[in-house]
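Enquirer: whatever this is, show me its structure:
(one chain, ligands or ions: 1)
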Amino acid sequence: MSTIETLELISEHTCFGGVQRFYSHQSHAIGLPMRFSVFLPAQAHGGKLPALFYLAGLTCTEETFMLKGGAQRVAAELGMILVTLDTSPRGAAIDGEAASWDFGLGAGFYVDATEPPWNAHYKMHSYVLELHQLVVAQLPVDVARVGIFGHSMGGHGALVLALRHPELFRSVSAFAPICAPSQCAWGQKAFTGYLGDSQEHWRLNDASALMASRHAPFPKGILIDQGLADGFLAAQLFPEAFEQACANAQQPLRLRRHAGYDHGYFFISTFVEDHLRFHAEQ
Ligand SMILES: N[C@@H](CCC(=O)N[C@@H](CSC=O)C(=O)NCC(=O)O)C(=O)O
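Expert: Numbers count the residues shown, from 1 in each chain. Model prediction:
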């Protein structure tokens, strides 16, 4: 893949002394145009900076975190670039693609689909890797200081991407991640549709299962925040499965349980500063 690609700048907005940009480009992995957004702090004029990828949850787009996450003020202070992306291909024109909110459009689950018709374009794991390569090549990103975090479906994506590519993502954290997708209804629906019945593909896309074959891959720790008033907690998220897997792998984990917080962006924006500082320290 060539790293010299045409980026179309859709819009640019001054923000906390830096710029918030929205881009479109032709993705090789997806085979369709994809949108992503970047916050560049003012320090980007002076050289390469650390960057933090954010993977959003079901129904979100490349705009959601930048509009609702409230992360730019702290990123501006820390001199940290933020990168976030859409949650599925758009324009694949698959029958029934928009029929449910937890599968298909807005619900790519950050996996590379193997099952038709999804396997033509739904290659979101590869797309994150492509975007990593793209921003390192075209923006002032220090390739040695890139981290990843995400929310819910995106928390699952961040944990899996980090566990499978620790050489690319040096730090990882999550808000209310789907910790064991092979065991919950959201994950089983998505994995069956995208990956069929291959237990190996399921294992490779399940953070708790992956951690079982690792030994302390992030010795400086993983941070997870979970709201205890989260309506999806009991049925879909299973943080205790990831907690147990980390204990078995001797992986340090800071899993913070917060009374009163639900699954939404009021919860994320409350704790996002802690996540940026956690990544900055690493
Ligand atoms: N439409 C759904 C609710 C969808 C939802 O809650 N999406 C979450 C992520 S859930 C896991 O990945 C989200 O981040 N939504 C965006 C937002 O702005 O809150 C329903 O009707 O229940």
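
Enquirer: how about the residues of the stretch 1-150 of the chain by the ligand?
Expert: Where the stretch 1-150 of the chain comes near the ligand, counting by C-beta under 6 Å from any ligand atom, the residues are 57-60, 64, 68, 101. Using the backbone N, CA and C atoms, a C-beta is placed for each residue, glycine as well.

Enquirer: make TSV from the residues you listed and add neighbour count, secondary structure and pLDDT to it.
Expert: Formatted as TSV, those follow (neighbours: other C-beta atoms under 10 Å; DSSP: H, G, I helix; E, B strand; the rest coil; pLDDT from 0 to 100):
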residue	neighbour count	secondary structure	pLDDT
57	27	coil	99
58	22	coil	98
59	15	coil	98
60	24	coil	98
64	21	helix	98
68	16	helix	98
101	11	coil	98
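
Enquirer: show me which of these is closest to residue 210.
Expert: residue 57 (19.7 Å; C-beta to C-beta).

Enquirer: any idea how far residue 97 is from that closest one?
Expert: Distance, residue 57 to residue 97, by C-beta to C-beta, to the nearest Å: 18 Å.

Enquirer: what's the answer for residue 127, then?
Expert: Where residue 97 is concerned, residue 127 sits at a distance of 17 Å (C-beta to C-beta).

Enquirer: the more surrounded of the two?
Expert: Taking other C-beta atoms under 10 Å, residue 127 and residue 97 do not tie; residue 127 has more neighbours (25 against 21).

Enquirer: read off the pLDDT value for residue 5.
Expert: If you check residue 5, the pLDDT there is 70.

Enquirer: hmm, I typed the wrong one, I wanted residue 1.
Expert: With respect to pLDDT, residue 1 scores 41.

Enquirer: please apply the same query to the one 10 residues further on.
Expert: Residue 11 is assigned 98 on the pLDDT scale.

Enquirer: nearest spatial neighbour of it, chain-adjacent residues omitted?
Expert: residue 22 (4.9 Å; C-beta to C-beta, 6 or more residues apart in numbering).

Enquirer: for the one you found, what are its contacts?
Expert: Residue 22 makes contacts with 9-12, 35-37, 62-63, as judged by C-beta atoms under 8 Å, 6 or more residues apart in numbering.

Enquirer: and with 6 Å instead?
Expert: Contacts here follow C-beta atoms under 6 Å, 6 or more residues apart in numbering; on that basis residue 22 touches 10-11, 37.

Enquirer: which residues does the residue in the stretch 101-250 of the chain that the ligand sits nearest to contact?
Expert: Nearest to the ligand in the stretch 101-250 of the chain, going by C-beta to the nearest ligand atom, is residue 152, at a distance of 2.9 Å. Counting by C-beta under 6 Å, 6+ apart, residue 152 touches 57, 176.

Enquirer: can you get me a residue count around residue 156?
Expert: That count, for residue 156 with other C-beta under 10 Å as the rule, works out to 33.

Enquirer: my guess is it contacts residue 179. True?
Expert: No. With contact defined as C-beta atoms under 6 Å, residue 156 does not count as touching residue 179 (7.1 Å).

Enquirer: what's the longest strand in the protein?
Expert: strand 141-151 (DSSP state E).

Enquirer: please compute how far that one lies from its chain's middle.
Expert: Here strand 141-151 is found 10 Å from its chain centre; the criterion is C-alpha atoms, centre = their mean, to the nearest Å.

Enquirer: can you list the strands that it pairs with?
Expert: strand 49-55 (parallel), strand 172-175 (parallel) (DSSP bridges).

Enquirer: give the contact list for the residue positioned nearest the centre of the chain.
Expert: Central residue of the chain (C-alpha atoms, centre = their mean): residue 55, 2.3 Å from the mean position. For residue 55, the contact set (C-beta under 6 Å, 6+ apart) comprises 150, 154, 157-158.

Enquirer: residue at max distance from the center of this protein?
Expert: residue 46 (27.3 Å).

Enquirer: distance of that one from the ligand?
Expert: The gap separating residue 46 from the ligand is 34 Å, by C-beta to the nearest ligand atom, to the nearest Å.

Enquirer: excluding its backbone neighbours, what's nearest residue 184?
Expert: Nearest to residue 184 is residue 236, by C-beta to C-beta, 6+ apart, at 4.6 Å.

Enquirer: pLDDT at the one you found, what is it?
Expert: Reading off the model, residue 236 has pLDDT 98.
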